[in-house]
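Peer 1: Prediction below, plus the sequence it came from.
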Amino acid sequence: MNKDILICGVGGQGTVLASKIIAASAMDEGFTVHSAETIGMAQRGGSVTSHVRIGDSAFSPLIPFGSADILLAFEPAEAARCLKYLRPDGIAVVNTSPVPPVTESLRPTGYDGSAMVAWLRQQCTCNFVDANEVCQPFGSSKFFNIILLGIAAGSGHLGLSQETLIRQIEKNVPSRFLEPNLAAFQTGLALGRKA
C-alpha cells in the first residue's frame, strides 16, 4: 500500500495524536512510514499540519502539492488552506465546526466557517462532519480526533485495519480516557461506513 495522508487543524484539537496513531498503525502492519509535523504556534491555537506517507514510494516525509490521497481536516479554514495538497481524485473528511482564530477576538469578522465549507463543496469530494454534533454524547470536542480516525477507517479510505488502529489507541491514549476514546472510534467507524 502507498498512501499519503495530510492532517490539518489548529493547536489543541489532537491532530498530532491522530497522525501518531496512523503512522504507528501502518508500521504495525509492516509498512514503511515517513511523517512530519509543522506545529509552530500550536499551543496558541495556530495551524498544525501533519504529513503521513505510507509505503515504499515515499522518499521524504513531506507530501508534495496535489499528491495527498486523503485530507483529514479538523477545521474548515485549515481544510481550505491545505486543499492544495489533495490529489484531484483524493478524498477529504472535513469538520464543519469552526475554531475562530485569535485575531477574531481582536477584530471580529463573523467567521463561522460556512464560506469555507461552501467553497470546499465546489472544489473536492468531501465528507463533512459537524464535530460539535458527533461529540455531544461524549461531552467534549476533544474526542473528535479519534472519531475522525474512525470515519477514515470505516470509509475504507485509510487502508488500515480497525484492530490495528484500536491497538494504537490503547497504547497512545492515557488509561483514564481510554474507554470514551474507544467508544468515539466506534462512532466514527459507523459514520465512515455510511459515507
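Peer 2: Received the coordinates, thanks. Values in this document were obtained by computation on a predicted structure and should not be read as measured data.

Peer 1: wait, doesn't Phe74 sit right on Ile146?
Peer 2: No. Between Phe74 and Ile146 there is no contact under Cβ atoms under 8 Å: 11.7 Å. No exception for glycine: its C-beta is placed from N, CA and C like everyone else's.

Peer 1: joint contacts of these two?
Peer 2: Counting by Cβ atoms under 8 Å, 6 or more residues apart in numbering, the residues touching both Phe74 and Ile146 are Gly14.

Peer 1: CA atoms only for stretch 161-174, dumped as PDB, please.
Peer 2: C-alpha atoms of stretch 161-174 as PDB (Å, rounded to 0.1, in the frame of the first residue of the first chain):
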ATOM      1  CA  SER A 161      -7.400  -2.400   9.900                       C
ATOM      2  CA  GLN A 162      -9.600  -1.200  12.700                       C
ATOM      3  CA  GLU A 163      -7.900  -3.700  15.000                       C
ATOM      4  CA  THR A 164      -4.500  -2.200  14.400                       C
ATOM      5  CA  LEU A 165      -5.900   1.300  15.000                       C
ATOM      6  CA  ILE A 166      -7.500   0.200  18.200                       C
ATOM      7  CA  ARG A 167      -4.300  -1.300  19.500                       C
ATOM      8  CA  GLN A 168      -2.500   2.000  18.800                       C
ATOM      9  CA  ILE A 169      -5.300   4.000  20.500                       C
ATOM     10  CA  GLU A 170      -4.900   1.700  23.500                       C
ATOM     11  CA  LYS A 171      -1.100   2.400  23.500                       C
ATOM     12  CA  ASN A 172      -1.300   6.200  23.000                       C
ATOM     13  CA  VAL A 173      -4.300   7.300  25.000                       C
ATOM     14  CA  PRO A 174      -4.000   7.600  28.800                       C
END
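
Peer 1: which residue sits closest to Ala36 in space, ignoring its chain neighbours?
Peer 2: Leaving aside its chain neighbours, Ala36 sits nearest to Pro61 (3.8 Å; criterion: Cβ to Cβ, 6 or more residues apart in numbering).

Peer 1: Just give the nearest non-adjacent residue to the residue most central in space within the chain, would you?
Peer 2: The centre of the chain sits closest to Leu72, judged by Cα atoms, centre = their mean, with a distance of 3.3 Å. Spatial nearest neighbour of Leu72, excluding adjacent residues (Cβ to Cβ, 6+ apart): Ile7 at 4.6 Å.

Peer 1: contacting residues around that neighbour?
Peer 2: Contacts of Ile7 were listed using Cβ under 8 Å, 6+ apart, and they are 15, 18-19, 22, 49-50, 52, 72-74.

Peer 1: Could you export the residues you listed as CSV, including secondary structure, pLDDT and distance to Ile169?
Peer 2: Listed next are these as CSV, based on DSSP: H, G, I helix; E, B strand; the rest coil; pLDDT from 0 to 100; distance: Cβ to Cβ, whole Å:
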residue, secondary structure, pLDDT, distance to Ile169
Thr15, helix, 92, 15
Ala18, helix, 96, 10
Ser19, helix, 96, 13
Ile22, helix, 98, 11
Thr49, strand, 94, 22
Ser50, strand, 96, 17
Val52, strand, 97, 16
Leu72, strand, 98, 15
Ala73, strand, 97, 20
Phe74, coil, 96, 17
